[in-house]
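In: no letters, just coordinates:
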């Protein structure tokens, strides 16, 4: 065991990062999970570095790091993506007596940072002696499953070949090569011993050196209502493999955490009555990255329900970019599950309407008389602002004032809240609802149903 795993108390300590570009961002996403003071040095900072600095999560100095900057530091990360600058940073670290990690340079590093499964206060650290970061991510994803045999042999062979594999282009091509070796060709060759594994890796490398770069693809993925455990297995897999993640504002941090730290994350949220990305800009962004990268377009709930899926797929079709759609659990289903009820019941409703209240004008074309009929059930998305309009139209067309409307805020999340209401009390009940909410017209909470039966 070359690297002895320990848990370092970072509370009250300082961690210095030399470099402020994309190379540093991947490490900072992990370092920011600690309680340390994080100090970053480097010109031309990545957008994430600027954002973290503005939020007060790091201190950023737009210049090269110097040895005096390391006074009192516990750890130093050299992440300049420039061998000369990284070497100078490492020399300064050793001169100052600070343990130093040089990104992608195992031999010049004093320590390595493992892959981490974060379920605070329980954390699981996974290391491969710096030999196989892709392998570490695979183990992280399958931590509860039994590890396949032969991993030690694959890691040893892979480590010996890392210099040769460095001839491949950085990024997707190199990751795909290691994935093919560790998860396909390597395991198949393990039974033949070390020589067979080396032969398999050599054959892969020969084929990869002359291979054409893969074309891009956009995966539309439903992120579900927020609980990461409600993601489909396919959605989790695509998140682990994505180069770029373009996500909505409502996608939870816990879901985004399942992606690779190295993946670019771009939020294109639409804020009601606030600054927002236009749909045209989002379409252009998908075309730009989808032309050459593996992109996950991560949408809250299900992609096909009020997610403007057709507009985005049409833009990709016009640009000749391939795409696929992975469905997710929509918020209406999560809201019904929160109540422990079904969205359809044979003695109540044999149909279900899903409508949006995002713009009140959009209600004008609905069949209000049908919606106001006894026993009708509708799931209303983004209906807070239009609640008064909704109530007025339904009452005008004969709905009973005591028609139940159950509000489910932040469905499936730890902050989930269920608020019973009626058409008459709907606006008052929504007054302190801050998070995303589903209005369940025609469905009462079980407690409300019991109270109604007692009154009758």
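Out: Sure thing, it's come through. All figures in this text were calculated on a predicted structure; none of them were measured in a lab.

In: show me the shaky parts of this structure.
Out: 117-122, 143-152, 209-214, 270-275, 358-365, 446-456 (pLDDT under 70).

In: hey, where'd the strands end up in the stretch 101-250 of the chain?
Out: Ranges of strands in the stretch 101-250 of the chain, per DSSP state E, counting those that start in this stretch, are 115-119, 122-126, 217-222, 244-247.

In: so for residue 87, which of these sits nearest?
Out: Closest to residue 87 of the strands of the stretch 101-250 of the chain, according to CB to CB: strand 115-119, at 25.8 Å. Glycine gets a C-beta too; all of them are placed from N, C-alpha and C.

In: which other residues reach the longest helix seen in the chain?
Out: Assignment by DSSP state H gives helix 194-209 as the longest helix of the chain. Helix 194-209 has contacts (CB atoms under 8 Å, 6 or more residues apart in numbering) with 150, 153-154, 156-158, 161, 164-165, 167-168, 173, 177, 180-181, 185-186, 188-190.

In: residue 265 should be in a strand, yeah?
Out: Yes. Counting by DSSP: H, G, I helix; E, B strand; the rest coil, residue 265 is part of a strand.

In: who does it bridge with?
Out: Under the criterion DSSP bridges, residue 265 forms beta bridges with residue 245.

In: now the helices for the stretch 351-456 of the chain?
Out: Here the stretch 351-456 of the chain has its helices, by DSSP state H, counting those that start in this stretch, at 368-371, 387-396, 426-429, 446-455.

In: how long is stretch 390-406 end to end?
Out: 14 Å (CA to CA, to the nearest Å).

In: quick one: distance of that stretch to the chain centre.
Out: Centroid separation between stretch 390-406 and its chain, computed with CA atoms, centre = their mean, to the nearest Å, is 39 Å.

In: do the same with stretch 339-358
Out: Mean-position distance between stretch 339-358 and its chain equals 30 Å (CA atoms, centre = their mean).

In: run through who's touching that stretch.
Out: Against stretch 339-358 from outside (CB under 8 Å, 6+ apart): 272, 305-306, 330, 332-333, 336, 362-363, 366, 371, 375-387, 389-390, 406, 408, 418, 439-440, 442-443, 445-446.

In: list the buried residues for that stretch?
Out: For stretch 339-358, the neighbour count (16 or more other CB atoms under 10 Å) marks 339, 341, 343, 349, 353, 355, 357, 358 as buried.

In: farthest pair in these?
Out: 341 and 358 (25.1 Å).

In: in TSV: the strands of the stretch 101-250 of the chain, plus mean neighbour count and distance to residue 32.
Out: Converted to TSV, those look like this (neighbours: other CB atoms under 10 Å; distance: least, CB to CB, whole Å):
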stretch	mean neighbour count	distance to residue 32
strand 115-119	15	11
strand 122-126	12	15
strand 217-222	25	25
strand 244-247	23	18
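
In: would you turn these into TSV with distance to residue 237?
Out: Formatted as TSV, these follow (distance: least, CB to CB, whole Å):
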stretch	distance to residue 237
strand 115-119	17
strand 122-126	18
strand 217-222	10
strand 244-247	14
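
In: can you say which of those is nearest to residue 422?
Out: That would be strand 217-222 among the strands of the stretch 101-250 of the chain, by CB to CB, at 31.8 Å.

In: show me what contacts residue 298?
Out: Residue 298 sits next to 221, 223, 239, 245, 246, 247, 248, 251, 255, 256 when contact means CB under 8 Å, 6+ apart.

In: ok, and the closest non-adjacent residue to it?
Out: Excluding its sequence neighbours, the residue lying closest to residue 298 (CB to CB, 6 or more residues apart in numbering) is residue 247, at 4.0 Å.

In: repeat for residue 417
Out: Nearest one to residue 417, counting by CB to CB, 6+ apart, is residue 409 at 4.5 Å.

In: ok, residue 433 next?
Out: Leaving aside its sequence neighbours, residue 433 sits nearest to residue 409 (CB to CB, 6+ apart; 5.2 Å).

In: wait, doesn't that neighbour sit right on residue 429?
Out: No. The pair residue 409 / residue 429 is not scored as a contact, 10.5 Å apart, by CB atoms under 8 Å.

In: identify the contacts common to the two.
Out: Counting by CB under 8 Å, 6+ apart, the common neighbours of residue 409 and residue 429 are residue 419.

In: what sits against residue 85?
Out: 18, 19, 64, 78.

In: so what's residue 171 up against?
Out: Residue 171 sits next to residue 243 when contact means CB under 8 Å, 6+ apart.

In: coming back round to it: what's the closest of the buried residues of stretch 339-358 to residue 89?
Out: Nearest to residue 89 out of those is residue 358 (CB to CB; 50.0 Å).

In: let me have the buried residues of stretch 339-358 in a markdown table, adding distance to residue 215 as columns.
Out: Rendered in a markdown table, the data for the buried residues of stretch 339-358 read as follows (distance: CB to CB, whole Å):
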| residue | distance to residue 215 |
| --- | --- |
| 339 | 45 |
| 341 | 46 |
| 343 | 40 |
| 349 | 46 |
| 353 | 40 |
| 355 | 38 |
| 357 | 40 |
| 358 | 35 |
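
In: can you tell me which of the residues you listed is nearest residue 322?
Out: residue 358 (30.1 Å).

In: what's the closest non-adjacent residue to residue 61?
Out: Residue 61 sits nearest to residue 41 (CB to CB, 6+ apart), 5.0 Å away.

In: and the residue nearest in space to the middle of the chain, how far from residue 226?
Out: With distances taken as CA atoms, centre = their mean, residue 256 lies nearest the centre of the chain, 1.7 Å away. Relative to residue 226, residue 256 is positioned 11 Å away (CB to CB, to the nearest Å).

In: can you check residue 435 too?
Out: Distance, residue 435 to residue 226, using CB to CB: 10 Å.

In: any shared contact partners between those two?
Out: The contact sets of residue 435 and residue 226 overlap at 410, 413 (CB under 8 Å, 6+ apart).

In: more neighbours: which of the two?
Out: Higher neighbour count among residue 435 and residue 226: residue 226, with 26 against 14, using other CB atoms under 10 Å.

In: the more buried one against residue 252, yeah?
Out: Yes. Applying CB under 8 Å, one finds residue 226 in contact with residue 252, separated by 4.3 Å.
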